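*Asks:* Turn this into a model:
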Amino acid sequence: MMRRRSRLFCCGAAALVSAATPASAQAVGDKVWLEAGAYWPDVDSHVRVQSKVIPLPAAEIDLEGDLALEDRQTLASVSGGIRIGPRLVVAADYYALKRNATRSIEREIVFDDVRYPVGVSVTSGFDSDIYRLTVGYDFVRSDKAEIGAAIGLHATRFEVSISGAGRIGNVSAGTQVRRRRIFAPMPTVGLFAHARLLPRVSATARVDYMALGIDDYRGRLINSQAALSYRFVENVGIGVMYRYVDYRVDADKARWEGRLRYRFHGPAAFLQIGFR
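*Replies:* All right, here's what the predicted structure looks like:
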C-alpha cells in the first residue's frame with residue numbers, strides 16, 4: 001500500500017459528497033445490501049511513545065521508513081446496510097491491516113523506555129482493525145438520486161510492537177519487547193450522495209469528519225470514498241471504489257503517552273448483493 005498507512009483517531013475536516021448509505025455503494029432503491037471486496041491502499045503510519053525513564057521528548061518513528069513495514073498490502077473488506085423506512089439508512093464497514101517486519105535499523109529508535117541502537121536487528125508489528133457504523137437520513141430522495149447527512153462511529157483498534165536488543169538508560173538490557181495498544185472510537189458527522197447514471201450503473205460518494213478532544217485523548221479524522229457500480233443482474237453487481245482515510249490521535253494516558261498518525265488511500269473492487 002503505497003507509503004504505509006497511518007494515522008489514528010478522531011477526525012477533523014471535511015466537505016464533500018458521499019455514498020448512498022453512508023457506508024456502501026448500493027444501488028438506488030436497495031433496502032438491504034451486502035458487499036465484499038479487496039482494497040489496495042498506500043499506507044503511511046507514524047508512532048511516538050513517550051518514555052517514563054528518558055526525560056527527553058520521544059522522536060516520531062516512521063513505521064514504513066524506519067522499520068520496513070510494507071507500505072502496500074491487499075486488505076479484505078466487508079460492508080452492508082439496511083434501509084429503515086423511506087429515508088433512514090443504517091450501514092457498517094469492517095476491514096483490517098496486519099503487518100510485521102525485521103530489519104537492521106539505520107538510526108537509533110526510542111520506543112517507550114527502550115533505546116534500540118543503530119545496526120540492531122529489530123522485529124516490529126503494526127495491526128489495526130477498523131469498524132464503522134453510520135445512521136444516515138436522506139434529505140433529497142427520488143428514483144434516481146439520494147442526498148443526505150449522517151452521524152456515526154469510526155472505531156479503530158491499534159497495536160504496535162518492537163522487539164530487539166536495547167538499552168534502558170545507559171545500561172544494555174538484552175532483548176527488549178515493547179508493545180502498546182490503543183482503542184480509538186471516534187464520533188463522526190458526514191455527507192453522502194448517490195445517483196443512478198444509467199439503468200444498471202450507480203455512482204456514490206461520501207465524507208465523514210471529526211476533530212475533538214475527550215478526556216486524555218485528542219484526535220482528528222477524515223474518511224471519504226467514491227464508488228461506481230454495475231448491476232449485471234437485478235440483485236448482483238460489481239464495482240470499483242477509491243477510499244481515503246487520514247487520522248491522528250494524541251494520548252496522555254499511563255499506558256500510552258504519545259501520538260499515532262495513520263493514513264491510507266487507494267482503489268478497491270467489490271462484489272455487491274442488494275434487494276429492493
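*Asks:* low pLDDT regions in the chain?
*Replies:* For the chain, applying pLDDT under 70 flags the ranges 1-29, 51-57, 213-217, 253-256.
*Asks:* Kindly list the longest strand within it.
*Replies:* The longest strand of the chain (DSSP state E) is strand 171-198.
*Asks:* Pull up the pairing partners for it, direction included.
*Replies:* With DSSP bridges as the test, strand 171-198 is paired with strand 145-168 (antiparallel), strand 201-214 (antiparallel).
*Asks:* okay, the ones you listed, which one's buried deepest?
*Replies:* Across the strands paired with strand 171-198, averaging neighbours per residue (mean count of other Cβ atoms under 10 Å) puts strand 201-214 on top, at a mean of 22. In this view, the C-beta of every residue, glycine as well, is placed from N, C-alpha and C.
*Asks:* relative to strand 201-214, how tilted is the helix or strand just after that strand?
*Replies:* Following strand 201-214 in sequence order, the next helix or strand is strand 217-231 (DSSP states H and E). Calculated by axes from the mean of the first three to the mean of the last three Cα atoms, to 10 degrees, strand 217-231 forms an angle of 170 degrees with strand 201-214.
*Asks:* Next, the buried residues of the longest strand of the chain.
*Replies:* Within strand 171-198, the residues that count as buried by 16 or more other Cβ atoms under 10 Å are 176, 178, 180, 182, 184, 186-188, 190-196.
*Asks:* farthest-separated two in those residues?
*Replies:* Greatest spacing in the buried residues of strand 171-198, by Cβ to Cβ: Gln176 and Arg196 (57.7 Å).
*Asks:* Now do the contacts for the nearest residue to Ser124 once chain neighbours are set aside.
*Replies:* In space, not counting the residues next to it along the chain, Ser124 is nearest to Leu67; the distance is 4.2 Å by Cβ to Cβ, 6 or more residues apart in numbering. Neighbour list for Leu67: 61, 101, 103, 105, 109, 122, 124, 162 [criterion: Cβ atoms under 8 Å, 6 or more residues apart in numbering].
*Asks:* Quick check: the first one touching Val47?
*Replies:* Yes. Under the criterion of Cβ atoms under 8 Å, Ile61 lies in contact with Val47, with a separation of 5.3 Å.
*Asks:* list residues touching both of those two?
*Replies:* Jointly contacting Ile61 and Val47 under the rule Cβ under 8 Å, 6+ apart are Phe111.
*Asks:* More neighbours: these two, which one.
*Replies:* Neighbour tally, Ile61 and Val47, criterion other Cβ atoms under 10 Å: the higher count belongs to Val47, 27 against 24.
*Asks:* Tell me which helix or strand comes right after the host helix or strand of Lys98.
*Replies:* Assessed by DSSP H and E, Lys98 sits inside strand 88-104. As assigned by DSSP H and E, the chain's next helix or strand after strand 88-104 is strand 109-111.
*Asks:* quick one: which of the strands paired with strand 171-198 is nearest Val249?
*Replies:* Proximity to Val249 (Cβ to Cβ) singles out strand 145-168 among these, at 8.5 Å.
*Asks:* before we move on, back to that, can I get the contacts of Leu67 in TSV including distance to Leu34?
*Replies:* Shown next, in TSV, are those (distance: Cβ to Cβ, whole Å):
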residue	distance to Leu34
Ile61	38
Ala101	34
Arg103	40
Ile105	44
Ile109	43
Val122	41
Ser124	35
Ile162	38
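*Asks:* any idea which of those is closest to Gly219?
*Replies:* Ranked by distance to Gly219 (Cβ to Cβ), the contacts of Leu67 are led by Ile61 at 19.1 Å.
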